[in-house]
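Undergrad: The following comprises the amino acid sequence and a computationally predicted model.
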Amino acid sequence: MNWLMKQLDRMTESKTRTVAQSTGRRSFMGRLAMTLTGVSALPLLPVARAQQQPGETGDPNSCDYWRYCAIDGFLCGCCGGSMNTCPPGTEMSPMTWLGTCQNPADGKNYIISYNDCCGKTSCGACLCNRNEADRPVYRPQAANDINWCIGTKHLTYNCSTAIVVGTALEQ
Amino acid sequence: MNWLMKQLDRMTESKTRTVAQSTGRRSFMGRLAMTLTGVSALPLLPVARAQQQPGETGDPNSCDYWRYCAIDGFLCGCCGGSMNTCPPGTEMSPMTWLGTCQNPADGKNYIISYNDCCGKTSCGACLCNRNEADRPVYRPQAANDINWCIGTKHLTYNCSTAIVVGTALEQ
Amino acid sequence: MKNILLAGAILTFATAAQAELQPEQLGKVLTLPEKYPPHWIIVHDATFFHMLDGRQYVIDADAETLPEQVKGMFNSSFIATVNQSSVRPEMYVAETYYTRGSRGTRTDVLTIYDKRTLEPVDEVILPNNNRYSGMPNQYAHTLIDNERLVLIFNLNPATSLSVVDLEERKYLGEIPIPGCSLAFPTGERGFTSICAGGDMYSVQLNADGTMASSARTESFNDIDNNPLFEKPAMVGSTAYFPTFLGDMVEVDLSGPAAKVGERWSLRQGDDDGWRPGGMTYALSDAEGQLYVLAHPAGYDGSHKDPGIEVWLYDPATRKRTARHPLKTPGLSIALTRDAEAPLMIVTNIEMGLDVYDAKSGKYLRTVTGFGQETPFVVHGAR
Amino acid sequence: MKNILLAGAILTFATAAQAELQPEQLGKVLTLPEKYPPHWIIVHDATFFHMLDGRQYVIDADAETLPEQVKGMFNSSFIATVNQSSVRPEMYVAETYYTRGSRGTRTDVLTIYDKRTLEPVDEVILPNNNRYSGMPNQYAHTLIDNERLVLIFNLNPATSLSVVDLEERKYLGEIPIPGCSLAFPTGERGFTSICAGGDMYSVQLNADGTMASSARTESFNDIDNNPLFEKPAMVGSTAYFPTFLGDMVEVDLSGPAAKVGERWSLRQGDDDGWRPGGMTYALSDAEGQLYVLAHPAGYDGSHKDPGIEVWLYDPATRKRTARHPLKTPGLSIALTRDAEAPLMIVTNIEMGLDVYDAKSGKYLRTVTGFGQETPFVVHGAR
């Protein structure tokens, strides 16, 4: 509970506060999703479809899951896919932006590829916006502002995955 | 405050109750509009643009205004038009459904023509659904379920007007 | 190198489950079964505030969490009308596009989706661009002839039905239904429409989609004073039409022409002033029990108000067998298609979906937050 | 006849104002002035949840009631980029359409709207279908050469700018900007882009839209540790780029090539840990004062968090002149373009628009409920 969180709490109603706490994020986007859909609390629990690897803990359909450190979009696990699989009828973009996230279970940094799923309109569920090491559009490979439905049949954005593609180099 | 209104009040939260009271309508659609836009109270006051005739009273941008007794849609007065004028860039449909509404100021019944304004997407403001003498689609001239953007360049529905076209015959 | 040594060190203290995560495959896309499980539903989100971006969500109404509930989505433009096949793994969307979204050149089209991939696999152009546009109506999109033909309701404002052959994926033509609307499956290869004159109009088709015969009933529908609702519940080939004031009117659609049957009252006890109403208000389950959405204190114009109870009837006895109070007032009801333990889905006034055990009326869960805006109508999956 | 007698009877007791209502004219459509009043704003609703149905709302930020506030709307598809002319009564939308809404054949197009009628009056096809698609960015759609030319940013992921002649309404071609993004107006007929190498790239164009000259700055932007934000405030021909950690970097764009100038700190007192951020976070008013949206307790990744204060600076002295606390945290700021009493509009985290007196910071009113979904960016009307 940092300073900004307290500010937000002070300024907003109890409903919003509940949302902010349940997502555990400062992000306005999560709050936005709640505002727009009128949902007070989403049940978000791990499911088999999420296909976690051994050596991972946490809820892959929660915005505070470790792989989502630089994501901006709808979590595919809430859209008929999983954190690393696209929903039926969509197409995974071949290129995207990358994040470097630390897995709390082993303390290692991994390169996460946030491939978008494309060809249907906005999933609309589980909007998640985190921006660790995100950079403006002039460094595209680190920019989550871009709709990465590029190189796909359609630029129509549906949701975002978070795929482990390797370990980060030691700095 | 009728029976159903009390039921709704009992079942819902204070925010919803406020909405229901402020619209003065049983209609779920007004409530829906509030839910979707997250608005707790709209300031809806008469404005010059509304072009009331002498002999009318009430707020032409409120869902309980007398002309709206059989309307279903967004009130054009909240969309850049007025109760009898389309917003810029739209086209008024030449045909539509008709209602018979009683003007409380003179006690007379008037024929109201609910011409839709067409060519832009849903206005989204001041959704109003009242169904006095509304009939199913098999009596089209009395059916507000139909998108009446017919005979216009586009069927894209933006908002609905309520135009006095005559006095109702004595029954 | 340092990485490798560290990894080795960790392994000596930990189980294999804590080894380094492995790179995962890119490009994976899920698919769905050809036959959807009995408690899956198709949610028609008409997106009344954003009609260009309509959706059909595939939802598992048995699941407890959102990620488990949502199975996928496909688009449907401009308050489409929809249907599903039970004999082919297909779903159908009759929809409208413009070359510039909200404007430009219009194309009406029947789009065919594969249930396994949720991908559009084909389309049939509806050449007259006169498709009915309005609130969703399941009888604006009617399968007949063992699902070989589909009838799509047109209103501009002259009314007709477009006939499409779904096996050949071919537009066959249009049947005019002057003064009438919608299509209820009738006889071997025909339909009945409901008319402004208070009558009904039945048509049998030839195999090529042309008209073979037609017939009209007497005028029996008092549209001024107690009109029939336009969306009947079907039990076998009998259509059950509620009326605004609370009657039920049976119409036999088993032969080539509609036959008007019994009229009885939905009110059967402590229920003065109650009326049927809503957006989808009359359905039947696989065992042929009738479900009617009802609200109290009816008045002129209450026929689209939300209901607060669902009333069940046995059509054999024409008696009410249960009253299910709703947790939250509802706009539309839906039923899954299984005989064993059907679910009742209610689109509530907060635009969430309340799931009930259909027979007992027990509230089970609410499905919401899946991206829906105005999920006006829900259909049990086939 | 009874009607007539009754009307006569009423008239004897009442004023003329109570005479029978007269039939009204059908078909009327409102129009807007060619020059919008100074406190009108254009609201870009990117409809993040329904991108096919994006909108630009024309709003009077002075008005107190919703019906008075809403002046009209026009559509913009797929998170368009937009701009307005100050020399022609036109607004421009760079957008994308598919023949089947979400799918089919793609058409990128620059649509020209008439400010008086909000009707599309012409369009220019962008033939390469490589328009940048992403969060709205005012520098993805840049007017230069006294508004004769517009530059539209492309990313697929190679980057370039499409050049369109707005007087001739003609596509002129594409200028590659390898490794760089966006376009800031530069010199007589040119632009500067910001690059992945930490440098900037400036290009001057010939009248026909082809490249006349180009130049690159040294690398000066520490993208890893303290990157420049990509949306500067412009004062005359000087661009003011905030950085993630709270510096301001001046870049002189008056000549044919960008010249990197002073760097100074936005933090000037009791503001440890505060940083600039949001979606639209840096602007100037007509008098050249700078406005920066800021949030406290910055951290890696906070650069898009909502701000809770707006800080004002005099660019001549590089000193902060005011801190305006916001009523509700905000995502984007906007300013009307009048010198006298500019308004500041803040897209708040509830997706309403809070209106403030820009100079005093006094909260005036909130504009909301006009149909908006995600009004990410607001522009003062020209």
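TA: The structure has been received and is ready for your questions.
Undergrad: Looks to me like C:Val124 is in a strand.
TA: Yes: if the criterion is DSSP: H, G, I helix; E, B strand; the rest coil, then C:Val124 is within a strand.
Undergrad: Okay, and the beta partners of it?
TA: With DSSP bridges as the criterion, C:Val124 is bridged to C:Leu110.
Undergrad: How about C:Ser265?
TA: Beta-bridge partners of C:Ser265, as defined by DSSP bridges: C:Asp247.
Undergrad: Contacts only, for it.
TA: Listed by Cβ atoms under 8 Å, 6 or more residues apart in numbering or on different chains, the contact set of C:Ser265 reads C:246-248. In this view, the C-beta of every residue, glycine as well, is placed from N, C-alpha and C.
Undergrad: now the helices for chain A?
TA: Along chain A, the stretches classed as helices by DSSP state H are A:3-11, A:14-23, A:28-37.
Undergrad: lowest-confidence stretch among those?
TA: When the helices of chain A are ranked by mean pLDDT, helix A:14-23 comes last with a mean of 31.
Undergrad: As a check, name the ranges of all strands in the stretch 51-200 of chain C.
TA: Assigned by DSSP state E, counting those that start in this stretch, the strands in the stretch 51-200 of chain C fall at C:55-60, C:70-75, C:81-84, C:90-100, C:103-114, C:120-126, C:141-144, C:149-155, C:159-165, C:170-176, C:180-186, C:190-195, C:200-205.
Undergrad: Mind putting these into a markdown table with mean neighbour count and mean pLDDT?
TA: Shown next, in a markdown table, are the strands of the stretch 51-200 of chain C (neighbours: other Cβ atoms under 10 Å in any protein chain shown; pLDDT from 0 to 100):
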| stretch | mean neighbour count | mean pLDDT |
| --- | --- | --- |
| strand C:55-60 | 24 | 98 |
| strand C:70-75 | 28 | 98 |
| strand C:81-84 | 23 | 97 |
| strand C:90-100 | 22 | 98 |
| strand C:103-114 | 20 | 98 |
| strand C:120-126 | 17 | 98 |
| strand C:141-144 | 21 | 98 |
| strand C:149-155 | 25 | 98 |
| strand C:159-165 | 23 | 98 |
| strand C:170-176 | 17 | 98 |
| strand C:180-186 | 25 | 98 |
| strand C:190-195 | 28 | 98 |
| strand C:200-205 | 24 | 98 |
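Undergrad: Show me which residues of the stretch 1-150 of chain C sit near chain D.
TA: Within reach of chain D by Cβ under 8 Å from any Cβ of the partner chain, the stretch 1-150 of chain C has these residues: C:47, C:49-53, C:75, C:77, C:97, C:99-104, C:107, C:109, C:111, C:120, C:123.
Undergrad: Please repeat the previous calculation with a cut-off of 10 Å.
TA: Within the stretch 1-150 of chain C, the positions adjacent to chain D are C:47, C:49-55, C:74-78, C:95-105, C:107, C:109, C:111, C:119-120, C:123 by Cβ under 10 Å from any Cβ of the partner chain.
Undergrad: if we can go back for a sec, what about the contacts of C:Ser265, which one has the most neighbours?
TA: Using other Cβ atoms under 10 Å in any protein chain shown as the neighbour test, the contacts of C:Ser265 are led by C:Met248, with 24 neighbours.
Undergrad: surely that residue meets C:Pro276?
TA: Yes: here C:Met248 reaches C:Pro276: they are 8.6 Å apart, a contact under Cβ atoms under 10 Å.
Undergrad: quick one: common contacting residues for those two?
TA: Common neighbours of C:Met248 and C:Pro276, counting by Cβ atoms under 10 Å, 6 or more residues apart in numbering or on different chains, are C:229, C:241-242, C:266, C:282, C:292.
Undergrad: quick one: low-confidence ranges for chain A?
TA: A:1-50, A:170-171 (pLDDT under 70).
Undergrad: Thank you, goodbye.
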